[in-house]
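Asker: Sequence first, then the predicted structure, then my questions.
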Amino acid sequence: MKHLGIYFFIFAAVHTAAFFLVGETKPVANYIHGKIEVISEQENPSSQNTISTLRINDHINLGDLICTGKGSRSEFSTQFGEEYLYTCRLGSQSVMSWTNRNTIFLHSGSFLYTNSNTSQINVSSIEANASFKGSGTIIIEATQNGGFKFIPIEARGTLTTDSGGTIPIKSGRMILVLGNPTYFGDAYDFDLMLLIKTSRLINSYPNPLESFGRISLSVYSQELKLKGKYNALIGDAISDDKLQLWTFGENNLK
């Protein structure tokens, strides 16, 4: 009976610790602009999902859908005790959720992920999924064909898909992630300086990104290599083989 009591105590302690660890790793809203709603799925299938307004310091439960209105945006941080994990910014008219601490589902719109420590983040969309292992600052943008654009602003690491295998990531080179099973589409060099000037995920928040210094180095490095050769941004991917390309002249870049 004594041994049974000890085993019960260990079991309870482990599960209690696991409960608090899960609680500590929930994303927390630390910035909100505009109207953002959270759709929470109820455990009882017969009950309707609840819709609430996101507020500062709210914790996001796994599976909750975060929905931003037009012109709205938010920033989330995830922590494990005192250890910093990563920051995530959600753009305007976007819908996303966390399926676990390191897996993000993007239904529509875009989000920015930044982490100075080497780790793994899994990204999925309606049709595609991929795993990034490394560190850096990356924008993920959903496309109409169900895939997404993987846009590394400053990054070191690899990207892996089911059918495409593993490829190295290069700052300033966007990769299309498509299909199910998922494969890599074409890769395009893009103008980092132009992106930084125009992206609200980077420049429309009260506090600069922790990685701003590394982003500046990426821009400087690209300027030396390309010398203004690439003045284009990639638009949406309507289908797996149709891509919109927006070209800008010198006057547009001033």
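Answerer: That came in fine, so what should we check first?

Asker: Please identify the buried residues of stretch 95-105?
Answerer: Buried residues in stretch 95-105, counted by 16 or more other CB atoms under 10 Å: Val95, Met96, Ser97, Trp98, Arg101, Asn102, Thr103, Ile104, Phe105. (Each C-beta comes from the backbone N, C-alpha and C, glycine too.)

Asker: So which of those is the closest to Ala187?
Answerer: Ile104 (21.7 Å; CB to CB).

Asker: hmm, back to that, of all the buried residues of stretch 95-105, which comes closest to Cys88?
Answerer: For the buried residues of stretch 95-105, the nearest to Cys88 is Ile104 (7.1 Å; CB to CB).

Asker: Poorly predicted segments of the chain, please.
Answerer: 1-24, 43-47, 80-84, 227-254 (pLDDT under 70).

Asker: those helices in it, which residues are they?
Answerer: 2-24, 192-198, 200-203, 212-226 (DSSP state H).

Asker: what's the spacing between Asn57 and Ile175?
Answerer: From Asn57 across to Ile175, the span is 35 Å (CB to CB, to the nearest Å).

Asker: More neighbours: these two, which one.
Answerer: With neighbours defined as other CB atoms under 10 Å, Asn57 and Ile175 compare such that Ile175 has more, 22 against 8.

Asker: List the residues that contact the more buried one.
Answerer: Ile175 makes contact with Lys149, Phe150, Leu159, Ile167, Ile169, Phe184, Gly185, Ala187, according to CB atoms under 8 Å, 6 or more residues apart in numbering.

Asker: The same query, at a cut-off of 7 Å, please.
Answerer: By CB atoms under 7 Å, 6 or more residues apart in numbering, the contact list for Ile175 reads Phe150, Leu159, Phe184, Ala187.

Asker: In JSON lines, list these along with distance to Gly134 and neighbour count.
Answerer: Below are these laid out as JSON lines (distance: CB to CB, whole Å; neighbours: other CB atoms under 10 Å):
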{"residue": "Phe150", "distance to Gly134": "12", "neighbour count": "25"}
{"residue": "Leu159", "distance to Gly134": "9", "neighbour count": "23"}
{"residue": "Phe184", "distance to Gly134": "16", "neighbour count": "20"}
{"residue": "Ala187", "distance to Gly134": "16", "neighbour count": "12"}
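
Asker: Pick the one among those residues closest to Leu112.
Answerer: Phe150 (12.0 Å).

Asker: Identify the spatial nearest neighbour of Ser125, chain neighbours not counted.
Answerer: Among residues not flanking Ser125 along the chain, Phe148 sits closest, at 4.6 Å (CB to CB, 6 or more residues apart in numbering).
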